[in-house]
Structures are given as C-alpha cells and as structure tokens.
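> Based on what follows, work out the 3D shape:
(6 chains)
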Number of protein chains: 4
Amino acid sequence: MRADARANRAAVLSAARTLFAERGVEVPLRAVATEAGVGIATLYRHFPDRDALILAVAFDVLEDVHAVITRCEEDWDADPEAAWRAFGRGMGRLRLGVIVPALGHRLDVERPPEPLRQARAEAFARVERLIEQAWQAGLVREKVPVIQFNAGLAAVTRPLPEEVRGFVPDLTDWLIDVYLRGLR
Amino acid sequence: MRADARANRAAVLSAARTLFAERGVEVPLRAVATEAGVGIATLYRHFPDRDALILAVAFDVLEDVHAVITRCEEDWDADPEAAWRAFGRGMGRLRLGVIVPALGHRLDVERPPEPLRQARAEAFARVERLIEQAWQAGLVREKVPVIQFNAGLAAVTRPLPEEVRGFVPDLTDWLIDVYLRGLR
Amino acid sequence: MRADARANRAAVLSAARTLFAERGVEVPLRAVATEAGVGIATLYRHFPDRDALILAVAFDVLEDVHAVITRCEEDWDADPEAAWRAFGRGMGRLRLGVIVPALGHRLDVERPPEPLRQARAEAFARVERLIEQAWQAGLVREKVPVIQFNAGLAAVTRPLPEEVRGFVPDLTDWLIDVYLRGLR
Amino acid sequence: MRADARANRAAVLSAARTLFAERGVEVPLRAVATEAGVGIATLYRHFPDRDALILAVAFDVLEDVHAVITRCEEDWDADPEAAWRAFGRGMGRLRLGVIVPALGHRLDVERPPEPLRQARAEAFARVERLIEQAWQAGLVREKVPVIQFNAGLAAVTRPLPEEVRGFVPDLTDWLIDVYLRGLR
DNA sequence: GATGAATGAGCCTTCATTCAT
DNA sequence: GATGAATGAAGGCTCATTCAT
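Numbers count the residues shown, from 1 in each chain, chains lettered A, B, ... in the order given. Below is the predicted model:
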C-alpha cells in the first residue's frame, strides 16, 4: 500500500472513531469522509461498506483496550485499588458504549469475522484475569462473567444527550466509579 | 367513531413506546404505524410529526414514573430497602434510557413544552424526596442531585444489543442493583 | 333537498369560487370545506370530486357572465363605448382567467358535460352578437371569433403574483382597457 | 467527468424550462429529472431544491431577454415599428408569463438573491430605454412603467389550456399584437 | 489510487377520497 | 345529512453505494 493510501486509511478510521462516538454509528459516511478530508469514494475503497468500517473501528478500539489492560497489570502490585479504578476509567474513555452495541446490532447477524472474535476473546481472557485478581483483592464481591462486566461498562459509557451532560459534566467518570463501587 | 379513534391513538402510542424502546426513536414512523395496525396517515393525524409522538410517549412514560414513585412511597415504611430497590427496578422497566435521551436530543431544541416541563419537574421533586429518605435510611451515601441520579438510571437502562442480552438475560435488573449498591 | 343542505352547498360553492380565484383550482379541498364552515365529507356529498366542484363554479360564473352581457345589452344604445368597456371590466371581475384554464385543463379530457357546453354556447352566441355590434360601432377593428376574444380576456384576467400587484394595484383594469383598445 | 456533469446540468435546466412552461413551476421534480434523462438525485445534486431550479431557469430566461433586447436595439433604426413588434414577440416566446409569476410566488419570500435582482434591474433599465424610444417614435401613447409593461406581457404570454390553443393556434402572437396596439 | 458525479431506494409528509358513526 | 377518521398514493428530499474519469 502506498504511503498516502495508508495515511488516508488512517484518517478515515480516526474520523470514523470520532464521529461514531459523537453522533453514533449511523452517521452519514459522507460526513466521515469529509471529516477525514478525503472523497467519499476513497472511504469506500478502504472500507467497502459501513460494517467494514465499524469493524475496523472495533479493532482499533480493541487495541486500546489491550493497552489499558496492560497498564492495569503493570500498575497492579503498586496499588491494586488505584489500578482497578484507572482500568475502569480507561475503558470508559474508550466509549465502549458506542461501539459495542453497534457490533451487536450490525455484525452479529452475519457472524462476526474470526479475527475480531479472536481479538475479543483474548481481551476477554485478560479482563477475566483482572476480575479474578480484583476479587482476590476484595475489589469485587463476586467473579462476574466478563461479558456481563463489559456489558455493564458499555451501558455506563454510552453518551448521554447534551442537556444532561450540561448539568453533570463528569457524569461518565462518576458513573464508572458508582459502577465499580457497586460491584464490591 | 370517537371510540375507534381513541383506540387507534392508543395503539399508535403503544407501538411507538415499544419500538422506541427496541429500535430507538429514529425508527421509521411507518414501522410504528404498521406495528399499530393503522395506516401511516392515521399516525400523522394523531401525531403531526415525530416530535409530537416522542412527546406523547414521554408523557405516557412519566405517568408510569409517577405510579412507580407512588408505589415506593406507600411501601417505604414497611421496608425501606425493599421499597427502594423496587423503585429502581420499576424505573428500569420503564426504559427511561430510551426516552430520556430522545427528549434531550429532539425536544430541547425547541424548548420542551410547558406541560412536559412541569410534569417532569413534579416527578423530579418526588424523586428528590425519595433520595432524601433513602439518604436518611442510609441507602445512599450522599444526596445525589436528582438529574444525576436519573441520568445514571437512564444510562443503565438503555437497551443493549440482542447478542449481549442473549448471554446475560437479566442484565438490566442486575445493573440496577449494582447501580443502587454503588450509590451507598 | 333540505334547507340546511342547500345552504351548505351554497357555502361550499361560494368558498370554492373565492379560493379558486385567490389560490388557484389546485387549492386543497379541505381548505374549501373549512372556509365554507363545513366538514370535508359534506363537501364531497355535494360535489363528488374536484372536477364536479370546478364545474359547478363554472356554471356559477357563467350565470354572472350572462348578467354582465344583459347589462351591456341594456346599456348599449345609451352609450355603446361605455357599455362595451363596462362589459370588459365586468367580465374581468369574474376572473375568467382562473376558471377557464381549469376547465380546459381538467374537464376537456373527458368531454365537458352537455349542460355546460350548452350554457357556454349560449353565452358565446350572445357575446358574438355583442362583438358584431361593437364592430358596427367601430369599437373593434375586426370580428374576432368569440373563443379568441374570450381567451384573450381570460389571459388578461388571470391573477398575477402579490409582488406585481403591489406595484401596480389596478393592473387588471388597466390590462382590460389596453386589451379592448388593442382590438380597435 | 466534468463535461458529463455540465451536460446533465444543462439537460435538467432545459427540461425544467420546458416543463415549467408547459405545466407550471409546481411540476414534480421527478418529471423534470425524467424528461432530462437523469436520476432524481442528479437533479438535486445540481439544484438543491425547487427554488434553486426556478432561480436558475430565471437566470437562463433573463439571458435570452437580454438577447431579445439587444436584437431590438440593433434593428431599431432600420425600422422602429418592426423592431418593436419583434421585441414583443421575442419576449412572448420566452414565456415570461410562466417564470415571472413563479419568481414572485416563491423567491420573494426569501428575498431574491442579489445577482438575480441585479440582472433583472439591468434588463428593466434596458426595457425602460426601449419604451422611451417607442414613445418618441409614437409607438406607445404614454411611458408605461417597466414593471407594468412587463406584467402585461407576462399576463398575455402565460400558456392557455390545450383546448383553447387548439382553436386559436397563434393566440399568443395575436395577443401580443393586440397588447402592443393597445398601448399606442 | 483518488475523486466527484450518478443513481435508486427509502423515509417523511400531504392530500384526495372513502368509511363508519 | 353531517361529520371526523382512515387510508394509500404521490412527491420532496437524503443517503448508501457504484461508476467513470
């Protein structure tokens, strides 16, 4: 792939991630292309349809998920509770709440492609280990299934309407704290 | 035919409430009409545009909100903790998570009409009193602002994709429990 | 026909004539019914479809046409030129320009009904006689065919947009004068 | 593909001009697109809404208006009367009667855009000069305001229904002659 | 490879017309 | 006879997707 092509792909991906988070995955793809500074046909060259784009964003997010997990693992011994909370907030900042439902909504119909399934499984396994550790450290009252834990996280991090955010600016962080506390 | 008309209106309202909850407030109005078993023009006769329909659903939901609150107030003295939890679950079942964001999204643009504002304010006041009681009973650690409390409730009760629900059937109830526990 | 029914019919007819002249024959029939102060179904009871209503208005206008002609005939001997001009203005005030095109547009496709054809023929004959008289009196340079004369009158009396009317309030009367003068 | 696009734009414009003249500016845009041999979305790409299309047609017509005026100016000295009549007929052929009312009807609501206003003003000025000349040549009895002159021309050149045109094929030319003669 | 243009499908909304009370 | 309600058929407009340059 040419260097400029790669740059375009990256720009589209980044724009998609931003706009998906801000306006939902139903945002017009033309808006994504414009935000990325490329023509609509260029977007389609890299991502044949909306699902492909969502999928790519999902991979992108999953990478960050792994980074957050890694960070948590590294910081764990120094201060489990802080690491655990940072983990929650880090996950929250990834807006899982946006991409997870979209994945369910659009991709599971036709079976999620194997690579995604695998990357997800790997992340699940690592989170499961974290939950286990947290349980041993007394940070969660029971070993919640990962999928349930993630679903909760997703629920808690979906964007709320402007109006509400206006009144409660740090709502998401607060909600994550409440969520984690509720798990104890 | 007044009776028929009323029945149709109710059918549309009910269909809208269901489909809004399942597919979001952007669901095609034709789908709502079909689900209600009426023609599209009948829907428009009763609700001149989407916002009017959303508004009507909001009122409908608010009525149920008041009922849930009343129930909680009545049961409070017998067992505060049980009443409080029932309150949370009752609210959860109303799918506030669907209608609240929609209200923010669409109706605040053109100022929500006074009656709604008032009905909402009334509900807020009653919930505020409940929170106060809960605080006194040691069920919440601090007197959270109602709007924040509700926003959290909304976040926690928005529908998740089929896939997730398949794995964790009682997710919403579980999340509400976690939420309420986290507030302690 | 009941008295109230007759009154309703008359009200609809009158409203139609007004609104046709003001907004064209494509005006929503509901608007006509409302203007007439009756329900839409009442309008339809009296006039099964738009064409029937247009037709009825046409008859109504034709009656006035006959009155204008009669007036002209009566005043002729006293002052032919004044009578001729009054005739033109009288016709102009009837807004033939609104109803004539509509008749052509909508009714001729399926042959205009006999009664209309006849009433029109009668009016045509009388106007033809007037033209003959006017020719003898030197008020027109040649014996224009009636249909042509009327078409010209219709063209000249169709309503113009507000903007223009604002600048030239008496445009129609002026145009009729020009038209009649041009015929000399 | 710039060339194709331009051709399409021209085709739409031409189709619009034809259909506006034949069926009025309320003609379905789909019909215009079909007549132009393009998809409906292509029409919308070039003209974002009906007003934009009407506006473009208006500009198009105005260009022809200027051409007619120029022609008249050039031919004036050779034979003023012939030039004046040719001017009237040339204007008549442009179907001002269709586009002028539409401009009044639709565009004045949201202020006609400056360029149009200017092109129109320029045409008005030139016609005013022609009227002045015609007055000096004894071709009009008084210096009619341009707007009034044009309104009359518009009134006289609006299309009449098929039926009438069937009976009097050259009605418009005849009417223009009568109009010009009436102005003497 | 990148781009803008073209296209049809789909949703919103209005309106003529028919029904049921 | 009068009425308001119901309905489907357009027509306006947007957007995902495909083409041609």
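
> so, in contact with chain B or not, the helix or strand where residue A:32 lies?
In the assignment (DSSP states H and E), residue A:32 maps to helix A:29-36. No. Helix A:29-36 stays clear of chain B (C-beta under 8 Å from any C-beta of the partner chain), getting no nearer than 15.9 Å. The way it works is simple: take the backbone N, C-alpha and C, and place the C-beta from them, glycine included.

> Residue A:73 against residue A:127, yeah?
No. Applying C-beta atoms under 8 Å, one finds residue A:73 not in contact with residue A:127, separated by 10.7 Å.

> buried ones in stretch A:29-44?
Under the neighbour-count criterion of 16 or more other C-beta atoms under 10 Å in any protein chain shown, stretch A:29-44 has A:29, A:32-33, A:35-36, A:38, A:42-44 buried.

> In the residues you listed, find the pair that's most separated.
Largest separation among these by C-beta to C-beta: A:35 and A:44, giving 15.2 Å.

> now do the same end-to-end measure for stretch A:155-167.
20 Å (C-alpha to C-alpha, to the nearest Å).

> next one: stretch A:31-50
End-to-end for stretch A:31-50, by C-alpha to C-alpha: 13 Å.

> List the contacts of that stretch.
A:5, A:8-9, A:11-12, A:14-16, A:18-19, A:23, A:25, A:29-30, A:53, A:56, A:106 (C-beta atoms under 8 Å, 6 or more residues apart in numbering or on different chains).

> Only whichever of those are buried, select them in PyMOL.
Only the buried entries of the contacts of stretch A:31-50 go into this PyMOL selection, using 16+ other C-beta under 10 Å:
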select buried, chain A and resi 8+9+11+12+15+16+18+19+25+29+53+56+106
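
> coming back round to it: more neighbours: which of residue A:73 and residue A:127?
Regarding residue A:73 and residue A:127, a neighbour count based on other C-beta atoms under 10 Å in any protein chain shown identifies residue A:127 as having more, with 21 against 15.

> wait, doesn't that one sit right on residue A:69?
Yes. Counting by C-beta under 8 Å, residue A:127 does reach residue A:69; the two are 6.6 Å apart.

> per-residue pLDDT, the residue lying closest to residue A:82 once chain neighbours are set aside?
Nearest non-adjacent residue to residue A:82, counting by C-beta to C-beta, 6 or more residues apart in numbering or on different chains: residue A:75, 7.0 Å away. What the model reports as pLDDT for residue A:75 is 95.

> Now do the buried residues in whichever strand or helix holds residue A:75.
Residue A:75 belongs to helix A:50-76 when elements are defined using DSSP H and E. For helix A:50-76, the neighbour count (16+ other C-beta under 10 Å) marks A:50-51, A:53-58, A:60-62, A:65, A:68-69, A:72, A:76 as buried.

> Domain-wise, how is chain A divided?
A:1-48, A:50-183 (automatic domain parsing).

> tell me the contacts of the residue nearest to residue A:82?
Applying C-beta under 8 Å, 6+ apart, the residues near residue A:75 are A:82-83, A:86.

> Now do the contacts for residue A:84.
Contacts for residue A:84 (C-beta under 8 Å, 6+ apart) come out as A:72, A:130, A:134, A:137, A:139, A:180.

> any idea how far the fifth one is from residue A:79?
So the one you mean is residue A:139. Using C-beta to C-beta, to the nearest Å, residue A:139 is found at 11 Å from residue A:79.

> More neighbours: the two, which one.
A side-by-side neighbour count of residue A:139 and residue A:79, using other C-beta under 10 Å, places residue A:139 first with 19 against 11.

> tell me the SS of that one?
coil (DSSP: H, G, I helix; E, B strand; the rest coil).

> In this model residue A:80 seems to touch it, though I could be wrong.
Yes. Here residue A:139 reaches residue A:80: they are 6.6 Å apart, a contact under C-beta under 8 Å.
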